[in-house]
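K.L.:
When you get a sec, could you give me coordinates for this:
(one chain, ligands or ions: 1)
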Amino acid sequence: MTDFGIKEALKTLGLKDINEGTSTGSNNFSNGELIESYSPVDGKLIGKVKATTKEDFEKMMDTATKAFKSFRNMPSPQRGEIVRQFGNKLRELKEPLGKLVSYEMGKSLQEGYGEVQEMIDICDFAVGLSRQLNGQVIPSERPGHIMREQWHPIGVVGIISAFNFPVAVWAWNTSLAWICGDVCVWKASEKAPLCSIACQNIIAGVLKDNNLPEGISCIINGDYKVGEMMTADTRIPLISATGSTRMGRIVGTTVAQRFGKSLLELGGNNAIIITPTADLKVVVPGAVFGAVGTCGQRCTSTRRLIIHESVYDKVRDAIVGAYKQIKIGNPLDETKHVGPLIDKDSVKTYLAAIEKAKAEGGNVLVEGGVLTGEGFESGCYVKPVIIEAENHFKIVQHETFAPILYLMKYSGEVENAIEKQNGVVQGLSSAIMTNEMKEAEKFLSYAGSDCGIANVNIGTSGAEIGGAFGGEKETGGGRESGSDAWKVYMRRQTNTVNYSDELPLAQGIKFDL
Ligand code: UN1
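P.N.:
Predicted coordinates:
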């Protein structure tokens with residue numbers, strides 16, 4: 001069987017000797033026990049990475065804090081130049097890195113390339129931004145005084161990322177943090193450690209070419225215990241964490257205890273409202289890609305379809321029909337739509353969720369199951385499922401990271417659908433399919449969707465980097481990527497300068513000596 005060029009890709013990305021427990025990622029100080037990375041694509045061991053010990057962590061923090069002291073002095077447009085070079089390297093390496101993402105994480109090759117493209121796009125965005133970290137000038141109430149606001153680098157930024165976007169989410173954070181003058185410490189998911197080593201190799205090369213300290217980009221490896229070293233550390237003023245609500249609750253409270261800042265991007269329970277005027281040509285690909293893309297493992301994956309009763313049968317039949325066309329298999333084979341789940345634990349969670357939905361009264365329209373036989377040896381390939389369910393079911397209220405789509409009806413006005421859409425604890429992404437302008441505007445209004453992302457006539461997933469990404473409620477409230485998300489990576493300083501010969505006090509207070 002062809003290896004789809006994986007060996008070659010690993011070599012190009014500098015991932016050799018990975019069976020010895022690589023610490024090839026320059027500035028990866030890790031010397032602890034070995035973490036093995038198995039591909040969900042074929043179940044084979046790809047490589048091993050050494051975990052970070054407490055001692056390693058201390059060394060790393062030393063390097064990072066030292067690097068910050070010099071990096072903050074570099075003018076931000078020059079820092080932008082570094083990010084520009086990083087983006088160019090990613091352009092050169094899009095193919096091997098996209099392949100590694102697909103092989104280590106299991107998403108389709110197209111999506112693997114798409115993820116690297118997101119990295120390139122955010123680098124471009126950051127380069128432009130490096131000349132626009134503007135503060136403002138504020139009129140003072142006192143004569144001969146001027147007030148202004150400045151944005152300064154915040155320091156060492158800790159990044160915790162999930163397996164499902166093993167490279168892009170890091171780049172969303174780092175590209176902005178770097179132009180802001182921060183240095184970054186990254187704890188990638190222990191389920192996709194080689195992706196992080198590959199990325200580290202790329203940026204380490206750029207830093208070296210520019211004679212910059214390698215501590216500008218550091219990685220640490222391991223499970224939640226390694227994450228804890230970071231979240232508890234007062235030398236890290238900002239922790240940006242992507243993952244489950246459970247993880248976010250622990251990270252958020254730990255960081256808050258020490259008055260650090262956290263940027264949390266947690267679970268979603270994203271719905272598409274399908275109204276009577278919805279165009280099926282848009283609905284079907286939008287809903288199906290949203291539900292089965294990345295095997296249902298995006299935080300923006302579509303979990304629920306809330307369909308008007310008058311078009312319910314038609315929409316249901318069209319979606320069920322489309323599911324019959326879905327080809328499941330090796331994600332590196334571009335004719336396949338859906339690859340595997342990340343691991344066997346995920347498969348168990350998927351199977352348990354289907355059982356729970358049935359037990360609560362769900363009606364299975366498209367049966368699930370684990371695929372076996374040739375090509376499915378890893379045991380991680382599952383069939384996308386459709387279940388008719390009620391919004392209040394416990395399992396529907398819960399985010400299951402798998403391709404399970406719940407269908408439900410609404411009747412009457414769009415407000416009833418919006419209430420259902422908002423009737424979950426998560427608040428990441430949402431969408432409405434309609435040709436009625438009033439319905440669309442209601443959905444986007446203050447009385448509409450309560451999510452951080454609300455779309456019209458497109459699905460819930462596939463957000464572009466230009467907008468702020470994140471959501472409300474148990475999604476954590478953080479915003480990363482575009483818009484003014486950069487501000488979280490900086491500290492704000494308000495200045496008042498007196499250029500007069502007097503000292504008038506604010507609020508007209510007299511204090512004569
Ligand atoms: C995530 O699932 O963690 O909107 C991020 C999307 C992607 C990002 C998803 N651009 O689907």
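
K.L.:
switch to C-alpha atoms for all contacts and neighbour counts from now on
P.N.:
Fine.

K.L.:
Burial check on the closest residue to residue 397 other than its chain neighbours, number of neighbours?
P.N.:
In space, residue 397 comes closest to residue 424 once its chain neighbours are excluded; the distance is 5.7 Å by C-alpha to C-alpha, 6 or more residues apart in numbering. Applying other C-alpha atoms under 10 Å, we find 19 residues neighbouring residue 424.

K.L.:
Just the local confidence number for residue 424, please.
P.N.:
Looking at residue 424, its pLDDT is 98.

K.L.:
Would you agree it is in contact with residue 399?
P.N.:
No. With contacts counted by C-alpha atoms under 8 Å, residue 424 stays clear of residue 399, the gap being 9.9 Å.

K.L.:
shared neighbours of the two, anything?
P.N.:
Counting by C-alpha atoms under 8 Å, 6 or more residues apart in numbering, the shared contacts of residue 424 and residue 399 are residue 269.

K.L.:
returning to that earlier point: now do the residue nearest to residue 397 against residue 439, distance only.
P.N.:
Residue 424 sits 21 Å away from residue 439, going by C-alpha to C-alpha, to the nearest Å.

K.L.:
Could you do residue 36 as well?
P.N.:
With distances taken as C-alpha to C-alpha, residue 36 is found 50 Å from residue 439.

K.L.:
With residue 49 instead?
P.N.:
As for residue 49, its distance to residue 439 is 52 Å (criterion: C-alpha to C-alpha).

K.L.:
Who has more neighbours out of these two?
P.N.:
Neighbours were counted for residue 49 and for residue 439 using other C-alpha under 10 Å; residue 49 has more, 27 against 19.

K.L.:
Quickly find the element holding the more buried one.
P.N.:
Secondary structure assigned from DSSP states H and E places residue 49 in strand 45-50.

K.L.:
Helix, strand or coil: sort out the spatially most central residue of the chain for me.
P.N.:
Nearest to the geometric centre of the chain sits residue 169, at 4.5 Å (C-alpha atoms, centre = their mean). Put simply, residue 169 is helix when judged by DSSP: H, G, I helix; E, B strand; the rest coil.

K.L.:
residue ranges for the strands of the stretch 101-250 of the chain, please.
P.N.:
For the stretch 101-250 of the chain, applying DSSP state E, counting those that start in this stretch gives strands covering 137-138, 145-153, 156-160, 183-187, 217-220, 238-242.

K.L.:
any chance of the ones you listed in CSV, plus mean pLDDT and distance to residue 131?
P.N.:
What follows is the strands of the stretch 101-250 of the chain, written out as CSV (pLDDT from 0 to 100; distance: least, C-alpha to C-alpha, whole Å):
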stretch, mean pLDDT, distance to residue 131
strand 137-138, 97, 17
strand 145-153, 98, 12
strand 156-160, 98, 21
strand 183-187, 97, 18
strand 217-220, 94, 22
strand 238-242, 98, 23
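
K.L.:
Ok, which of those strands comes nearest residue 53?
P.N.:
Nearest to residue 53, of all the strands of the stretch 101-250 of the chain, is strand 217-220, at 9.0 Å by C-alpha to C-alpha.

K.L.:
which other helices and strands contact that closest one?
P.N.:
helix 54-71, strand 183-187, helix 193-209 (3 or more C-alpha pairs under 8 Å, 6 or more residues apart in numbering; DSSP states H and E).

K.L.:
Of these, which stretch is the most buried?
P.N.:
Highest mean neighbour count among the helices and strands packed on strand 217-220 (mean count of other C-alpha atoms under 10 Å): strand 183-187, with a mean of 26.

K.L.:
Enumerate the residues of this protein near the ligand.
P.N.:
Residues of the chain found near the ligand (C-alpha under 6 Å from any ligand atom) are 165, 298, 299, 300, 461, 462, 463, 464.

K.L.:
top of these by neighbour count?
P.N.:
residue 299 (27 neighbours).

K.L.:
tell me the secondary structure for that one?
P.N.:
Under three-state DSSP, residue 299 comes out as coil.

K.L.:
Chain neighbours aside, what residue packs nearest to it?
P.N.:
Nearest in space to residue 299, with sequence neighbours left out and distances taken as C-alpha to C-alpha, 6+ apart, is residue 268 at 5.3 Å.

K.L.:
Also residue 163?
P.N.:
Residue 163 sits nearest to residue 189 (C-alpha to C-alpha, 6+ apart), 5.2 Å away.

K.L.:
swap in residue 30?
P.N.:
Among residues not flanking residue 30 along the chain, residue 52 sits closest, at 4.3 Å (C-alpha to C-alpha, 6+ apart).

K.L.:
give me every residue that touches whichever residue of the stretch 51-200 of the chain sits closest to the ligand.
P.N.:
Among all residues of the stretch 51-200 of the chain, residue 165 sits closest to the ligand, at 5.7 Å; criterion: C-alpha to the nearest ligand atom. Shown in contact with residue 165 (C-alpha under 8 Å, 6+ apart): 115, 298.

K.L.:
and it, what pLDDT?
P.N.:
For residue 165, pLDDT reads 98.

K.L.:
where does this structure dip in pLDDT?
P.N.:
Segments of the chain classed as low confidence (criterion: pLDDT under 70) are 1, 17-29.

K.L.:
which one's the longest helix in it?
P.N.:
Counting residues, the longest helix found in the chain (DSSP state H) is helix 109-129.

K.L.:
From the contact counts, what lies against that helix?
P.N.:
Applying 3+ C-alpha pairs under 8 Å, 6+ apart, one finds that helix 109-129 makes contact with helix 76-92, helix 94-105, helix 168-180.

K.L.:
okay, now the nearest residue to residue 199 once chain neighbours are set aside: neighbour count?
P.N.:
Distances taken as C-alpha to C-alpha, 6+ apart place residue 167 nearest to residue 199, at 7.2 Å, with adjacent residues excluded. Residue 167 has 25 neighbouring residues, counting by other C-alpha under 10 Å.

K.L.:
and what of residue 498?
P.N.:
16.

K.L.:
And it, how far from residue 229?
P.N.:
44 Å.

K.L.:
Got the phi and psi for residue 438?
P.N.:
Torsion angles at residue 438 (phi, psi; degrees, to the nearest 10) stand at phi -70, psi -40.

K.L.:
what's the domain layout of the chain?
P.N.:
Per the record, the chain has its domains at 6-266+476-492, 270-463, by automatic domain parsing.

K.L.:
ok so, going back, give me phi/psi at the residue of the stretch 51-200 of the chain closest to the ligand?
P.N.:
phi -130, psi 80.

K.L.:
so what's residue 497 up against?
P.N.:
Residue 497 sits next to 145, 146, 147 when contact means C-alpha under 8 Å, 6+ apart.

K.L.:
Could you grab the helix/strand/coil label for residue 460?
P.N.:
With three-state DSSP as the criterion, residue 460 reads coil.
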